[in-house]
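> What would the 3D arrangement of this be:
(one chain, ligands or ions: 1)
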Amino acid sequence: MFDYEKHFADVITKVKDENRYRKFINLSRKVGNFPKATYQDQEVTVWCSNDYLGMGQHPAVLKAMEEAIRIYGAGSGGTRNISGTHAKIIELEAELADLHEKDAGLVFGSGYLCNQTVLATLGKIIPELVYFSDSLNHASMIEGIKHSRVERAIFEHNDLEHLEQLLQAYPLERPKMIVFEAVYSMDADLAPVKEICALAKKYGAMTYIDEVHAVGMYGSRGGGISDELGLSAELTIIQGTLAKAYGCLGGYITGSTSLIDAVRSFAPGFIFTTSITPALAAGAIASIKHLKNSSTEREQLLLRAKQLKTALDKYEIKFINEPSHIVPIIIGDAKLCQQLAEYLLLEHQIYVQAINYPTVPRGTERLRITPSPEHTEEMIEKFALAIKTFLNLGLATNKSATSSREQLI
Ligand code: PLP
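As a prediction, this is how the structure comes out:
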């Protein structure tokens, strides 16, 4: 008979041999203490949170969630179709549509689920659709495209010439969709959104932009890179998350009324799952509203990112220098990257997660640093010096190469 336990143990041994066994760091965050947290009874400074602006602890967000729990209770009570549609989720969808200047919005349990189910569904409801997908797209989009079973063409990362060559290969009347991200979170670079929109227009393609690492962060109202560039109207679908800069949980798309209605009617990951809770929706609304009206957090974050880059330069630590708020430091070896992360945590009370394959390709293992408005200059200096101290031990060198992730399809 098949030895299931031995099989699981063997699988894990292989992952451990490749130095990519995931150890989860059990953190206790405490309201008012961002970006610090407690790990094994010690206070640590967190340098890899996706709660980019600390909105997960913002008083307006907490107040909205607490009030909503008292008024509406804990859960949502069902799927959207069967008793789970509530006033707060409807209000949230209207808020998101307004944020991205679209007719309508649709909320999902997470950004991952949203990408996966929307792309899989569009492929099923649009006959002969072809997906044009950036080679560095997130796993959730790759999964969605894969499950759609439609034809797909992968263009080299941010390579407009390659994208155009691929678009040219199909008749103008064939339905097409270009799928890409606004900010590539592991490499910190931005998509050429304007040029992609121009190509889409020329070849009759729809566009799907994942603004997960940009919503709340860019644009005068936090509508992302498309907001900052004034291109919201040009894009067919703007997708985002409530879990990163907005500090809550959930994913969404915004688009035309008929497109949203079609996805609402056919997407299994929307239909067959419980809707997000009223408290979550209320928290997200408060967070979006706050960041629509306040640019202080965004400006302070970009200042901190600049100060961090200056400190890394001072210590001659190489990093990928892109205009976004993310700062990747390439180590290029899974074991050394892990050792560096452990050294920072245990010796300097600095928590930054080592990023290994399959999140990034082998040989480009890295620390992905996410500063926040609340990181101080003192914390920045301490962080840069700690990395330099490790590098001075001669255990690891850091690499300047930018990465090109393996295509996971
Ligand atoms: N899209 C991108 C580009 C991401 O990096 C992530 C997650 O990190 C997601 C989508 C998934 O979003 P969520 O965390 O809301 O599931």
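> drop to CA atoms for contacts and neighbour counts, all remaining ones
Will do.
> all helices for the stretch 151-300 of the chain, in order.
Ranges of helices within the stretch 151-300 of the chain are 160-168, 193-203, 225-228, 257-266, 268-271, 278-293, 296-314, based on DSSP state H, counting those that start in this stretch.
> Which one of those lies nearest to residue 30?
Comparing the helices of the stretch 151-300 of the chain against residue 30 with Cα to Cα, the closest turns out to be helix 278-293 (17.6 Å).
> Quickly check: that closest one near the ligand or not.
No. Against the ligand, helix 278-293 shows no contacts by Cα under 6 Å from any ligand atom, the least distance being 12.4 Å.
> what do you get for stretch 56-71?
No. Stretch 56-71 is not in contact with the ligand by Cα under 6 Å from any ligand atom; minimum separation 13.8 Å.
> those helices in the stretch 1-150 of the chain, which residues are they?
4-17, 59-72, 87-99, 111-125, 139-148.
> so of those, which one's packed in deepest?
helix 111-125 (a mean of 23; mean count of other Cα atoms under 10 Å).
> quick one: contacts of that helix?
Residues from elsewhere that reach helix 111-125, judged by Cα atoms under 8 Å, 6 or more residues apart in numbering: 107-108, 129, 140-150, 212, 239-243, 250-253, 263, 266-270.
> Please list only the buried members of those residues.
107-108, 129, 140-148, 150, 212, 239-243, 250-253, 263, 266-267, 269-270 (16 or more other Cα atoms under 10 Å).
> out of these, which touch the ligand?
Within the buried ones among the contacts of helix 111-125, those near the ligand by Cα under 6 Å from any ligand atom are 212, 241, 243, 250, 251.
> Now distance to residue 314 and pLDDT too, for those residues, in TSV please.
Compiled in TSV, these are given as follows (distance: Cα to Cα, whole Å; pLDDT from 0 to 100):
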residue	distance to residue 314	pLDDT
212	31	98
241	35	98
243	33	98
250	39	98
251	39	98
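> so which of those residues comes closest to residue 374?
Once Cα to Cα is applied, the member of these that ends up nearest residue 374 is residue 243, at 18.3 Å.
> residue contacts, the closest one?
Contacts of residue 243 (Cα under 8 Å, 6+ apart): 50, 51, 110, 111, 249, 250, 251.
> wait, doesn't the last one sit right on residue 240?
Yes. The criterion here is Cα atoms under 8 Å, and residue 251 meets it with residue 240 at 5.8 Å.
> what's the neighbour count on residue 278?
As a burial measure, residue 278 scores 28 neighbours (other Cα atoms under 10 Å).
> same thing with residue 158?
For residue 158, using other Cα under 10 Å, the count is 19.
> Grab the nearest non-local neighbour of it.
residue 191 (6.1 Å; Cα to Cα, 6 or more residues apart in numbering).
> how far away is the residue in the stretch 51-200 of the chain positioned nearest to the ligand from residue 360?
Closest residue of the stretch 51-200 of the chain to the ligand, Cα to the nearest ligand atom: residue 111 (3.3 Å). Here residue 111 is placed at a distance of 19 Å from residue 360 (Cα to Cα, to the nearest Å).
> looking at it, residue 341 is touching residue 352, isn't it?
Yes. Between residue 341 and residue 352 there is a contact under Cα under 8 Å: 6.1 Å.
> who touches both of those two?
In contact with both residue 341 and residue 352: residue 367, using Cα under 8 Å, 6+ apart.
> picking that back up, residues touching the residue nearest to residue 158, list them.
158, 180, 181, 182, 183, 184 are the contacts of residue 191 under Cα under 8 Å, 6+ apart.
> tell me the phi and psi of it?
Here is the backbone geometry of residue 191 (degrees, to the nearest 10): phi -80, psi 150.
> So residue 325 lies in a helix, does it not?
No. Assignment of residue 325 by DSSP: H, G, I helix; E, B strand; the rest coil gives coil, placing it outside any helix.
> Which residue, other than its chain neighbours, is closest to it?
Per Cα to Cα, 6+ apart, closest to residue 325 is residue 305, 5.6 Å.
> could you list every residue that touches that neighbour?
Contacts of residue 305 (Cα under 8 Å, 6+ apart): 325, 326, 327, 371, 372.
> Distance to residue 337 for the residues you listed - can I get that in a markdown table?
Output for those, formatted as a markdown table (distance: Cα to Cα, whole Å):
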| residue | distance to residue 337 |
| --- | --- |
| 325 | 21 |
| 326 | 18 |
| 327 | 15 |
| 371 | 19 |
| 372 | 22 |
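> Closest to the ligand out of those?
Once Cα to the nearest ligand atom is applied, the member of the contacts of residue 305 that ends up nearest the ligand is residue 326, at 12.0 Å.
> mind checking pLDDT for that closest one?
Note for residue 326: predicted pLDDT of 97.
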